[in-house]
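> quick one, structure for this:
(one chain, ligands or ions: 2)
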Amino acid sequence: MTVLPVPTTAIIVVAAGSGTRLGADAPKAFVGIDARSVLRHALDGIFAAAPMQVIVVAPAGFEGDAEAELRAAAGDRHELGRVVTGGETRQQSVAAGLRALWGDVTTVLVHDAARALTPPALIDAVADAVDAGTGVIPALPVVDTLKRVDGDAVVGPVDRSELAAAQTPQGFPRALLEQAYAVAADAGEEYTDDAALFAAADLPVRHVAGDERAFKITTPADLDRARRLLDAAAPVSHAETPAPRLPRVGVGTDVHAFGGEGNLWLAGLEWPGERPLSGHSDGDAVAHAIVDALLGAAGLGDIGQHFGTAHPEYAGAHAEVFLASTAQMLAEAGFVIGNVSVQFQGNSPRFSPRRAEAERALSAALGGATVSVAATTTDGLGFPGRGEGIAVTAVALIVPAD
Ligand SMILES: Nc1ccn([C@@H]2O[C@H](COP(=O)(O)OP(=O)(O)OP(=O)(O)O)[C@@H](O)[C@H]2O)c(=O)n1
Ligand SMILES: C[C@](O)(CO)[C@H](O)COP(=O)(O)O
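Ligands and ions are numbered 1, 2, ... in the order given. Here you go, the predicted structure:
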């Protein structure tokens, strides 16, 4: 018989919250995303990472349900798992998990079950980055413009370059995390994450790159987002073996008539003096064709579904809003954008003097993906030739992230 080495890393999966903001009729960890619960998805990711002790912290009264989820996810690794009962606060739940650690464990990861779609690679990356003296968290740059507010008054800007959005799993050397928890208990302080508690004990914390897919399911909109991602990732074919993760292509077209007021917006640029295009947004047909090509390639629907007239918040929005949001959706669905090729048909504007500038703007909005733009007239034929409007076609190549 082969005796497997006892892992020196453990993960505490806190699943004891009630999910007030989700508002479901069961604790959040036991709400179904698809046929599987939030907790089951979280555990599936964990058991696809390197072997580690897995401690699930369940709400009181749900220990049996948690045990069933743990056994189903663990398969023949069930001896690695254990369920304990959580507390009133997240911090108390983590403390309950710490009391269940095996003696050999030297590195502890603390993970929200609510971050159900966290990729196994992120779990391994955090575990690998922990050293004897430092805690490690995954974090993402803050993409929104932030404001300091007082009631309904906007009182000033916030420099987002020095901010990051914290995710889990957060990893720590066991001895120091236990020491930090003892300090917090003595002080009677509550923290919303373990890195804050660790830092409050004067212990250093670093960050590594987070992952969009590690978002926390907090509200009904987050649950919808998780469902959409799982739908997009599911193979369309009903064959018994899953479809291989191959590169995918998508095509998008868009047509806009000249009209409306103000300057023309096209390919992410403002074109002073050129006739504007009409539309629900700014009429930027180049950006819109790219969005459809990318969404189509990823199987994520189309521009109308995500940004159409049912979404009044996008009225008048410019290319960078649509493109950045689309790039984020693709990243969350596990795709990297290979390149995008666009062809513009119309008499005006003349693209060649600003082609490089347009390509740079579109590429920047897509997070650096290569974008090329070609332009042509139609020799006077059709609506572009008659100067009534423009037509754009875009083709996108995307590849699975891992
Ligand atoms: N007493 C608690 C509170 C929270 N958690 C866990 O901590 C993670 C992050 O908490 P959050 O998403 O805020 O979950 P809830 O507290 O359940 O949500 P809400 O604040 O909306 O009630 C979740 O996986 C949750 O299950 C826990 O184990 N024990
Ligand atoms: C631990 C955490 O998920 C890190 O982002 C977060 O702090 C959980 O608590 P919150 O109340 O949702 O901020």
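> C-alpha from now on. contacts and neighbour counts both.
Fine.
> all strands of the stretch 251-400 of the chain, in order?
264-266, 269-271, 335-345, 370-376, 389-400 (DSSP state E, counting those that start in this stretch).
> hmm, T168 is touching A116, no?
No. Counting by C-alpha atoms under 8 Å, A116 is not a contact partner of T168; they are 10.4 Å apart.
> quick one: contacts for the closest residue in space to A233 that isn't next to it in sequence?
Counting by C-alpha to C-alpha, 6 or more residues apart in numbering, A233 lies nearest to A333, which is 6.7 Å off, once chain neighbours are set aside. Taking C-alpha atoms under 8 Å, 6 or more residues apart in numbering, we find A333 in contact with 213, 229-230, 232-233, 298.
> please pick the buried ones from these.
Neighbour-count burial (16 or more other C-alpha atoms under 10 Å) applied to the contacts of A333 gives 213, 229, 232-233, 298.
> picking that back up, ok, the residue nearest to A233 to A375 distance?
Distance, A333 to A375, using C-alpha to C-alpha, to the nearest Å: 31 Å.
> also P5?
Counting by C-alpha to C-alpha - P5 and A375 are separated by 62 Å.
> can I get the strands of the stretch 251-400 of the chain in TSV with mean neighbour count, distance to ligand 2 and mean pLDDT?
What follows is these, written out as TSV (neighbours: other C-alpha atoms under 10 Å; distance: least, C-alpha to the nearest ligand atom, whole Å; pLDDT from 0 to 100):
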stretch	mean neighbour count	distance to ligand 2	mean pLDDT
strand 264-266	22	37	95
strand 269-271	17	36	96
strand 335-345	21	23	97
strand 370-376	17	32	97
strand 389-400	22	26	97
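> between those strands, which one is nearest to L80?
Closest to L80 of the strands of the stretch 251-400 of the chain, according to C-alpha to C-alpha: strand 389-400, at 30.6 Å.
> now the closest one: how far from the chain's centre is it?
23 Å (C-alpha atoms, centre = their mean, to the nearest Å).
> ok, now stretch 5-25?
19 Å.
> what residues sit buried inside it?
By neighbour count on 16+ other C-alpha under 10 Å, the buried set for stretch 5-25 is 7-19, 22.
> possible to save those as JSON lines with distance to ligand 2 and secondary structure?
JSON lines is the format used below for the buried residues of stretch 5-25 (distance: C-alpha to the nearest ligand atom, whole Å; DSSP: H, G, I helix; E, B strand; the rest coil):
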{"residue": "P7", "distance to ligand 2": "24", "secondary structure": "coil"}
{"residue": "T8", "distance to ligand 2": "23", "secondary structure": "coil"}
{"residue": "T9", "distance to ligand 2": "19", "secondary structure": "strand"}
{"residue": "A10", "distance to ligand 2": "17", "secondary structure": "strand"}
{"residue": "I11", "distance to ligand 2": "14", "secondary structure": "strand"}
{"residue": "I12", "distance to ligand 2": "12", "secondary structure": "strand"}
{"residue": "V13", "distance to ligand 2": "11", "secondary structure": "strand"}
{"residue": "V14", "distance to ligand 2": "10", "secondary structure": "strand"}
{"residue": "A15", "distance to ligand 2": "12", "secondary structure": "coil"}
{"residue": "A16", "distance to ligand 2": "12", "secondary structure": "coil"}
{"residue": "G17", "distance to ligand 2": "10", "secondary structure": "coil"}
{"residue": "S18", "distance to ligand 2": "12", "secondary structure": "coil"}
{"residue": "G19", "distance to ligand 2": "10", "secondary structure": "coil"}
{"residue": "L22", "distance to ligand 2": "11", "secondary structure": "coil"}
